[in-house]
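K.L.:
build me a structure from this.
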Amino acid sequence: MISFFNEVEGQMQFLDTWKEWIRKAVKTEDKVLGELNIILCDDNYLLGLNQKFLNHDTLTDIITFDNTLGRTISGEIYISYDRVKYNADKYGVSHKEELQRVVIHGVLHLCGYNDKTEDQKAEMRKKENDKLEMFHVEQ
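P.N.:
Alright, predicted model coming up:
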């Protein structure tokens with residue numbers, strides 16, 4: 001089950017339309033979808049989580065809490081919409097496109113992908129692009 005929670009101003013009903021895309025992306029990784037909560041928040045909210053749980057005193061666009069068991073992925077993905085907007089403007093993409101990338105980035109973390117090394121980052125970016133292409137094909 002996928003649930004979206006919006007802790008920022010403005011309506012983002014379109015997120016519900018992404019559920020089937022996320023399910024298909026998970027399936028292509030030979031995983032089963034368990035319970036997935038995606039929470040949109042602001043910089044301050046995510047900074048507090050980063051400080052409390054990861055001992056990091058920096059802004060970030062996403063924090064993923066992984067509750068995956070075996071092939072069944074479950075967890076919580078917290079996304080700073082402030083960072084999403086900032087990064088979208090920086091990279092010249094729409095806010096919606098950047099949000100899609102960050103959402104699937106978190107899902108890929110739950111599927112077992114990391115992005116600590118340069119090789120891992122390259123693999124993660126390729127996977128993100130593959131999953132984003134799936135979304136565009138579906139629309």
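K.L.:
buried residues of the helix or strand harbouring Glu133, list them for me.
P.N.:
Per DSSP states H and E, Glu133 falls inside helix 118-138. When burial is assessed from 16 or more other Cβ atoms under 10 Å, helix 118-138 yields the following buried residues: 124, 127-128, 131-132, 135. Yep, even glycine has a C-beta here, placed from its N, CA and C like the rest.
K.L.:
rebuild those residues as CSV, extending it with pLDDT and distance to Val103.
P.N.:
Shown next, in CSV, are those (pLDDT from 0 to 100; distance: Cβ to Cβ, whole Å):
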residue, pLDDT, distance to Val103
Met124, 93, 14
Lys127, 96, 13
Glu128, 93, 10
Lys131, 94, 9
Leu132, 92, 10
Phe135, 80, 10
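K.L.:
just checking, Asp66 touches Leu108?
P.N.:
No. Counting by Cβ atoms under 8 Å, Asp66 does not reach Leu108; the two are 11.3 Å apart.
K.L.:
the more surrounded of the two?
P.N.:
Leu108 (23 against 15; other Cβ atoms under 10 Å).
K.L.:
quick one: the helix or strand hosting that one to chain centroid distance?
P.N.:
Using DSSP H and E, Leu108 sits in helix 95-110. From the chain centre to the centre of helix 95-110 is a distance of 4 Å (Cα atoms, centre = their mean, to the nearest Å).
K.L.:
I am finished for the moment; much appreciated.
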